[in-house]
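> Predicted model, plus sequence, below.
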4 protein chains.
Amino acid sequence: MHRERFYTLSASCPDQVGIIARVTGFISGLGGWVLESSFHADALDGRYFMRIEIKAASIPFALAEFRERFRPIADSLQMDWKISDSAVKKRLVVLVSKQEHCLYDLLARWQSKELDIEIPCVISNHDTFRGFVEWHGIPFHHLPVTNECKPAAYAEIRRIFEEVRGDTLVLARYMQILSPTLCAAYPGRIINIHHSFLPSFVGAKPYHQAYQRGVKLIGATCHYVTEELDQGPIIEQDVIRIDHSDSVEDMVRYGKDIEKTVLARGLRYHLEDRVLVHGNKTVVFR
Amino acid sequence: MHRERFYTLSASCPDQVGIIARVTGFISGLGGWVLESSFHADALDGRYFMRIEIKAASIPFALAEFRERFRPIADSLQMDWKISDSAVKKRLVVLVSKQEHCLYDLLARWQSKELDIEIPCVISNHDTFRGFVEWHGIPFHHLPVTNECKPAAYAEIRRIFEEVRGDTLVLARYMQILSPTLCAAYPGRIINIHHSFLPSFVGAKPYHQAYQRGVKLIGATCHYVTEELDQGPIIEQDVIRIDHSDSVEDMVRYGKDIEKTVLARGLRYHLEDRVLVHGNKTVVFR
Amino acid sequence: MHRERFYTLSASCPDQVGIIARVTGFISGLGGWVLESSFHADALDGRYFMRIEIKAASIPFALAEFRERFRPIADSLQMDWKISDSAVKKRLVVLVSKQEHCLYDLLARWQSKELDIEIPCVISNHDTFRGFVEWHGIPFHHLPVTNECKPAAYAEIRRIFEEVRGDTLVLARYMQILSPTLCAAYPGRIINIHHSFLPSFVGAKPYHQAYQRGVKLIGATCHYVTEELDQGPIIEQDVIRIDHSDSVEDMVRYGKDIEKTVLARGLRYHLEDRVLVHGNKTVVFR
Amino acid sequence: MHRERFYTLSASCPDQVGIIARVTGFISGLGGWVLESSFHADALDGRYFMRIEIKAASIPFALAEFRERFRPIADSLQMDWKISDSAVKKRLVVLVSKQEHCLYDLLARWQSKELDIEIPCVISNHDTFRGFVEWHGIPFHHLPVTNECKPAAYAEIRRIFEEVRGDTLVLARYMQILSPTLCAAYPGRIINIHHSFLPSFVGAKPYHQAYQRGVKLIGATCHYVTEELDQGPIIEQDVIRIDHSDSVEDMVRYGKDIEKTVLARGLRYHLEDRVLVHGNKTVVFR
């Protein structure tokens, strides 16, 4: 946890000799102070991943110029890369339905600045949490989703997300399946919390499925949303122990604790640029 | 999780042959339907513990008479016992300071009826959460605690607790040490969440202590408050993994997740009469 | 953990008023001392489960007569039941292939009497562990399994199991799929450890499947073997955290720790008659 | 998990701009291929830690010359450093008493080459495991430790350790307290598994202490041995859940599972040069 402003370089490229040396040589050549750095080589497919935090005050010019100077190195390494600035808060748009736990949890973290982000608005297919959200000074949009109005509703979500310049869209137990078009529009920017330990119990009513199968642990999975339901890259997962005495209702209740925690962890990794998508998997530099 | 009204008998007594038979024989003699039952014999000191849930509709008279009829059996077994009624909501008075996580968590569980209780008021030594609490329709008392006014403040807490007929007082990260008098007044009725895995790191700044010692897991402990600081009977504990890269601030942040979960679990056990105090330990029938 | 000899009654029956009272009334009527007791009502299908440990010395006659006296009660309650005697050691036949971890773990627990059982023999489709097993004084049978000789091999396993009067057959990472006939012959008596968190990753090479999917936790499942591969009633499960830096080989290595622990726990529950099969699920009275 | 031979550089030095660049620039200047790399800056005291695995075949000369060429860089950065060679197996001397679990576990990992080490001998104050150890082809020394012969026994342990050119001495539930002299002779090379979650329950009979205090989780701690009992730098810890029904004997039994796992994990980190001691704490690059 850094209090000073810093830049975060996150990147991946084909593996070869000397990547770290070139990148960190460039940074130290400018006098750049590295606060935290993580590297990973995927041996199977020869791809290299990195994340470096650099003290902003140690770079003798503005971020735009820092980026420009880095570009030739990135190009020569065939990098996918970005550099973000801790002084620019990420903008998180929250989608919610009628369950309270993830919403309360996110707003608690937001109000205490544990999550140092902007929440430009909350969108829901129910009006349940209008008062609660608005009390926090956050705009609330009630967008009902029926079979007839689905395309219009998803278009409206997209319009709002663009209008408020959202960076990330989080489905905080939003009980509607986004349209493939919407999913495809924001790859790596829509995050869902699924209430099972994927790939077990895809789709509807996972706790009922878990009850039927008689598993001894239940879980939750935070993942990027893709066009295929519950199949996107997994960011974070966790489980909790249950036993024969637990009904589906008990599992729902236990599950809430694990859902909100897993979502918050996954979201933090994402917002801090700790997650690099790699095919249908993720590299997470915790 | 039962939806129907039920009575909960919780009791302990010296162990002897035939306790379960006598108690359950009495219940079934009335036509009483047992929903859930748990028994424990402490082999070392020969004490017996039980908790039985009985469908209220299966008992052919009111709770008061049920209690009266049970009394002779309880007396003959030298029992400490009580029978509670699921239709009578427990009344929880919440003490809080400036940290949000346990308060948000408890109110989320309360508003969704996951915790089916009354919260007659929240008391704080800071005014930080007045708006948040009052928005929920719950009275908020700001009671500053300075060295000069401590006795008066604790007297006032006690007065309020009595006035609202509180059953349980929960310290949801309340950063003041209650007076011995107050602690002694409500044995087994004041619950605290301590931000360490007790008995490690008693007292102030446990995360700093944990950082200094270089532990690889940090934890939280939900316990009954007694006159001796952080020494009361433990109800529930849990831990979370950290590593060398985590600062004290990171530990504080991780710790919040474990604190609120452990408090909620411990509190639920207590409110459902699942916790029987046994000397300085607890029997918890989960 | 009891040192004194005890009897264990484990049973299930249709739920009705008064089951505990009748059963414990019978026991206490004989002067029987209950050491431990657990009860569970399955609310959905109205079935009742119980497990009671009774001090053998408190029953004034032999086990055979105890059983006979209990029979009318059991009959009137339409019980499936059995009473086992802690003085009669269960006989565990171990099937193993070329992986060492579960075998070493089981023999360590056996030699220290942590598992107070007999191991009349170990059977393997490889000769790898002959010396190790025989050094412990346990007979070792090398039974190769090829496509041609499978039926003969499984018939021989069955013959040996009968000959040594085995109670339970444990597949301690035995890398062959038992024939449906063999599975059907011993319902609730063959225990397997599967190296995934079922129902995820059924069948072959679960760690490769987990690697492909990019899960953040891997697990193991101890279950009863039925005719359908990896679909039997689950006794115990657990998981361990991995991350992007772990190869399939790392996952295999981590997995071994969780496999042997989960197998040992599940096996102990089974051997202590703590597991009651209920359709395709289990009640486990820990 | 690498199959190819590699060198591991592990080092710490005062933090300054450009450390990674200089070290990795040196490596890539030789054509060195980095397989895995980890870095950590301790912000509080300005110390920097690193661990780098380099493919041996990518370095165009022998390890001795590699070390010599690196020396000037290390000197200029005031580094504590070493470079180890995966082709040179570490030599682990095991101390054991009468409990089997850690010994069986270590020998299982050794025989399957999961731990790719040499075990030149096992030393015990009891003769219990002579046959078991010798069956594995490992020499066994029975060294009784009584109050009279302690100094001689510890001198003999030291003599044997030197004679077999041991790298690391592991106390695999060795129930004797090593002399301060012996502890001081091998800083960072003697590893113990303590059967509690330190700093709770230092010293003798930690499970009895845990039982008395009524904790809800018990743990184990793998740490370097220093002259002060149970106070050395912690390498790894873990916990397991217990409840009121568990006796001290149950806790001992549960504890064995966590002890052997924690010891194996900590030992692996140590043997792979993943642990850098930092005052009384450790940096562990997992």
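Done, it's in.
> burial measure for whichever residue of the stretch 51-200 of chain A sits closest to chain C, as a count.
In the stretch 51-200 of chain A, the residue that lies nearest chain C is A:Ser200 (4.6 Å; C-beta to the nearest C-beta). Backbone N, C-alpha and C define where each C-beta goes, glycine included. As a burial measure, A:Ser200 scores 21 neighbours (other C-beta atoms under 10 Å in any protein chain shown).
> again, but for the one 10 residues further on
Residue crowding around A:Ala210 was assessed by other C-beta under 10 Å; the count is 25.
> now swap in A:Thr8 and tell me
Using other C-beta under 10 Å, the number of residues around A:Thr8 comes to 18.
> And the helix or strand where it lies, what does it pack against?
Counting by DSSP states H and E, the element that carries A:Thr8 is strand A:6-14. Applying 3 or more C-beta pairs under 8 Å, 6 or more residues apart in numbering or on different chains; DSSP states H and E, we find strand A:6-14 packed against helix A:19-29, strand A:47-55, helix A:63-76, strand A:80-85, strand A:275-278.
> Could you dump the ones you listed into a markdown table with mean neighbour count and mean pLDDT added?
Below are those laid out as a markdown table (neighbours: other C-beta atoms under 10 Å in any protein chain shown; pLDDT from 0 to 100):
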| stretch | mean neighbour count | mean pLDDT |
| --- | --- | --- |
| helix A:19-29 | 21 | 97 |
| strand A:47-55 | 21 | 98 |
| helix A:63-76 | 14 | 98 |
| strand A:80-85 | 15 | 98 |
| strand A:275-278 | 21 | 97 |
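> Out of these, which gets nearest to chain D?
Among those, helix A:19-29 comes nearest to chain D, with 3.4 Å by C-beta to the nearest C-beta.
> Which residues of chain A lie near chain B?
Residues of chain A found near chain B (C-beta under 8 Å from any C-beta of the partner chain) are A:1, A:36, A:99-101, A:104-105, A:107-108, A:111-112, A:114, A:131-132, A:135, A:245, A:247, A:249-250, A:253, A:256-257, A:261, A:264.
> Just the ones in strands from the residues you listed, please.
Of the positions in these, A:Glu36 sit in strands, assigned by DSSP state E.
> what's around the closest residue to chain C within the stretch 101-250 of chain A, how many residues?
Here the stretch 101-250 of chain A gets closest to chain C at one residue, A:Gly214, 3.2 Å apart by C-beta to the nearest C-beta. The number of residues packed near A:Gly214 is 21, by other C-beta under 10 Å.
> Next one, pLDDT for the residue lying closest to it once chain neighbours are set aside please.
Leaving aside its sequence neighbours, A:Gly214 sits nearest to C:Lys281 (C-beta to C-beta, 6 or more residues apart in numbering or on different chains; 3.2 Å). At C:Lys281, the pLDDT value in this model is 97.
> List the contacts of C:Lys281.
Applying C-beta atoms under 8 Å, 6 or more residues apart in numbering or on different chains to C:Lys281 gives the contacts A:Arg213, A:Gly214, A:His244, C:Pro233, C:Ile234.
> try A:Cys13
By C-beta under 8 Å, 6+ apart, the neighbours of A:Cys13 are A:Ile19, A:Arg47, A:Tyr48, A:Ala74, A:Leu77, A:Gln78, A:Met79, A:Asp80, A:Trp81.
> Out of these, which two sit at the greatest distance?
For these, the maximum inter-member distance is 14.8 Å, found between A:Arg47 and A:Ala74 (C-beta to C-beta).
> pull the longest helix from chain A.
In chain A, taking DSSP state H as the definition, the longest helix is helix A:248-271.
> Just want the angle from that helix to strand A:80-85.
90 degrees (axes from the mean of the first three to the mean of the last three C-alpha atoms, to 10 degrees).
> for helix A:248-271, the distance to its chain's centre please.
Relative to the centre of its chain, helix A:248-271 is centred 13 Å away, using C-alpha atoms, centre = their mean, to the nearest Å.
> and it, does that touch chain C?
No - against chain C, helix A:248-271 shows no contacts by C-beta under 8 Å from any C-beta, the least distance being 9.1 Å.
> quick one: buried residues of stretch A:184-196?
Across stretch A:184-196, burial judged by 16 or more other C-beta atoms under 10 Å in any protein chain shown covers A:Ala185, A:Tyr186, A:Gly188, A:Arg189, A:Ile190, A:Ile191, A:Asn192, A:Ile193, A:His194, A:His195, A:Ser196.
> Let me know the distance separating the third one from A:Tyr174.
Spelled out, it's A:Gly188. For A:Gly188, the distance to A:Tyr174 (C-beta to C-beta, to the nearest Å) stands at 18 Å.
> residues contacting A:Lys82?
Applying C-beta under 8 Å, 6+ apart, we find A:Lys82 in contact with A:Leu9, A:Ser10, A:Ala11, A:Asp273.
> Scan those and report the most crowded one.
A:Leu9 leads these on contacts (other C-beta under 10 Å) with 24 neighbours.
> pLDDT at the closest residue to A:Ser84 other than its chain neighbours, what is it?
Nearest-residue entry for A:Ser84: A:Thr8, 4.9 Å, with adjacent residues in sequence omitted and distances by C-beta to C-beta, 6+ apart. A:Thr8 is assigned a pLDDT of 98 by the prediction.
> can you check A:His2 too?
50.
> Model confidence for the residue in the stretch 151-286 of chain A positioned nearest to chain B, exactly?
Closest contact between the stretch 151-286 of chain A and chain B, by C-beta to the nearest C-beta, is at A:Glu249 (4.2 Å). pLDDT, A:Glu249: 95.
> ok, it to A:Thr168 distance?
To A:Thr168, A:Glu249 is 32 Å away according to C-beta to C-beta.
> More neighbours: the two, which one.
Counted by other C-beta under 10 Å, A:Glu249 and A:Thr168 do not tie: A:Thr168 has more neighbours, with 19 against 13.
> Across the sheet, point out what pairs with that one.
Beta-bridge partners recorded for A:Thr168 (DSSP bridges): A:Leu92.
> what residues are up against it?
For A:Thr168, the contacting residues are A:Lys90, A:Arg91, A:Leu92, A:Val93, A:Arg189, A:Ile190, A:Ile191, A:Leu267, A:His270, A:Leu271, by C-beta under 8 Å, 6+ apart.
> And for A:Arg47?
A:Ser12, A:Cys13, A:Pro14, A:Asp15, A:Ala41, A:His278.
> Just name the closest of the residues you listed to D:Glu68, please.
Distance to D:Glu68, by C-beta to C-beta, is smallest for A:Ala41 among these, at 27.1 Å.
> element containing the closest one?
Assigned by DSSP H and E, A:Ala41 belongs to strand A:34-42.
> quick one: is that strand near chain D?
Yes - using C-beta under 8 Å from any C-beta, we find that strand A:34-42 touches chain D at A:Val34, A:Leu35, A:Glu36, A:Ser37, A:Ser38, A:Phe39, A:Ala41.
> Render the CA-only coordinates of that strand in CSV, please.
What follows is strand A:34-42, C-alpha atoms only, in CSV (Å, rounded to 0.1, in the frame of the first residue of the first chain):
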residue,chain,number,x,y,z
VAL,A,34,10.8,0.9,-8.6
LEU,A,35,8.4,0.3,-5.7
GLU,A,36,7.2,-3.1,-6.6
SER,A,37,7.8,-5.5,-9.5
SER,A,38,6.6,-8.9,-10.6
PHE,A,39,7.5,-11.0,-13.6
HIS,A,40,6.2,-14.3,-15.0
ALA,A,41,7.3,-16.4,-17.9
ASP,A,42,4.8,-18.9,-19.2
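> residues in contact with it?
Here strand A:34-42 makes contact (C-beta under 8 Å, 6+ apart) with A:2, A:6, A:15, A:20, A:24, A:27-28, A:47-55, A:278, A:283, A:285, B:245, C:244-245, D:17, D:20, D:34-39, D:41, D:43.
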